[in-house]
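Asks: One predicted model, sequence on top.
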Amino acid sequence: MSEPVNTEPVKTIVIHIDADACPVKDEVYKVAARHALKVFVVANAPIFTPRDPRIERITVAEGPDAADDWIAARAARGAIVITADIPLAARCVKAGADVIAPYGKPFTEASIGMALATRNLLQDLRETGAVTGGPRPFAKADRSAFLSALDLAVTRLKRAGFAA
């Protein structure tokens, strides 16, 4: 089922974290604190979040796409979405949000098509029994790349007139 795309621009920069398996939540909290940004931590089960009025934990109903649907419904220009979920990234890019994978790769209109095609190909191969291997281990360099990408996205949005 396709969600309607939110075309209403966000007036302030907000960050949405697809949090169930996100390895960079602490990094997001630090960048958000430095820029005084609102963060929504979205998950299917309650998870720990710092006691900060700018950080809001959202626990969605059980279901395979409940967190994705919540985030996608709020994705718009001015929002930054942190996710490794490529179909969610595609929905958010289409809505105008800045989307960054936890390892620092930004998903853009120019790159999301290839990312989806690769994901679908690998899924098809796994379904036929092919061993495709899992993702590479998360490294210190990935954290650094993520922090750079997030800081760049925040700076770019501020220059475009979005407020913290």
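Replies: Thanks, I have the structure now.
Asks: Every contact and neighbour count from this point should use C-alpha atoms.
Replies: Fine.
Asks: Now do the contacts for Cys92.
Replies: Contact analysis of Cys92 by C-alpha atoms under 8 Å, 6 or more residues apart in numbering lists 72, 75-76, 81, 98-99.
Asks: wouldn't Ala36 be in contact with Ala164 here?
Replies: Yes. The pair Ala36 and Ala164 passes the contact test of C-alpha atoms under 8 Å, sitting 5.9 Å apart.
Asks: Now Ile55. Nearest residue, chain neighbours left out?
Replies: In this structure, Ile55 finds its nearest non-sequential neighbour in Val39, 4.8 Å apart by C-alpha to C-alpha, 6 or more residues apart in numbering.
Asks: Can you tell me the element that neighbour falls in?
Replies: In this structure, Val39 sits in strand 38-43 according to DSSP states H and E.
Asks: And the closest residue to Leu157 other than its chain neighbours, how far from Arg159?
Replies: In space, and not counting its chain neighbours, Leu157 is closest to Gly78: 6.5 Å by C-alpha to C-alpha, 6+ apart. The gap separating Gly78 from Arg159 is 11 Å, by C-alpha to C-alpha, to the nearest Å.
Asks: between the two, which one's more packed in?
Replies: Gly78 (27 against 10; other C-alpha atoms under 10 Å).
Asks: what sits against that one?
Replies: 9-14, 96-98, 157, 162.
Asks: where does this protein have low pLDDT?
Replies: 1-10, 113, 115, 117-126, 130-135 (pLDDT under 70).
Asks: now the helices for it?
Replies: Ranges of helices in the chain, per DSSP state H, are 25-35, 66-74, 86-94, 112-127, 140-159.
Asks: Format those as a markdown table; extra columns: distance to Pro53.
Replies: Supplementary listing: those in a markdown table, determined by distance: least, C-alpha to C-alpha, whole Å:
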| stretch | distance to Pro53 |
| --- | --- |
| helix 25-35 | 11 |
| helix 66-74 | 19 |
| helix 86-94 | 25 |
| helix 112-127 | 33 |
| helix 140-159 | 19 |
